[in-house]
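Undergrad: fold the following, please.
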Amino acid sequence: MELLSDWRFVAAAAAASFIIGMSRGGFAGGIAFVGVLIMA
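TA: Numbering: from 1, shown residues only. Model prediction:
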């Protein structure tokens with residue numbers, strides 16, 4: 001997957017996912033959301 005080789009895209013996606021997760025379930029939600037993104 002070419003997108004994963006672009007660390008800037010990965011960092012932006014992880015940051016966005018963390019913010020979305022934080023809004024849904026606090027700090028733990030942010031961590032879980034990033035974890036799901038990485039596993040996908």
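
Undergrad: contacts for stretch 32-39, please.
TA: 13-14, 17-18, 20-21, 24-25 (Cβ atoms under 8 Å, 6 or more residues apart in numbering). For the C-beta atoms, the positions are set from N, CA and C on the backbone; glycine is no exception.

Undergrad: what are the buried residues along stretch 19-37?
TA: 21, 30, 33-34, 37 (16 or more other Cβ atoms under 10 Å).

Undergrad: distance to residue 7, pLDDT and secondary structure added to the residues you listed, as JSON lines?
TA: JSON lines is the format used below for the buried residues of stretch 19-37 (distance: Cβ to Cβ, whole Å; pLDDT from 0 to 100; DSSP: H, G, I helix; E, B strand; the rest coil):
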{"residue": "21", "distance to residue 7": "20", "pLDDT": "75", "secondary structure": "helix"}
{"residue": "30", "distance to residue 7": "20", "pLDDT": "74", "secondary structure": "helix"}
{"residue": "33", "distance to residue 7": "19", "pLDDT": "75", "secondary structure": "helix"}
{"residue": "34", "distance to residue 7": "15", "pLDDT": "77", "secondary structure": "helix"}
{"residue": "37", "distance to residue 7": "14", "pLDDT": "72", "secondary structure": "helix"}
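
Undergrad: residue ranges of the helices in this protein, please?
TA: Counting by DSSP state H, the chain has helices at residues 2-5, 7-39.

Undergrad: quickly, which of those bottoms out on average pLDDT?
TA: Comparing mean pLDDT over those, the weakest stretch is helix 2-5, at a mean of 60.

Undergrad: what residue is smack in the middle of this structure?
TA: residue 14 (2.9 Å; Cα atoms, centre = their mean).

Undergrad: please name the residues that touch that residue.
TA: Here residue 14 is in contact with 34, 37-38 (Cβ under 8 Å, 6+ apart).
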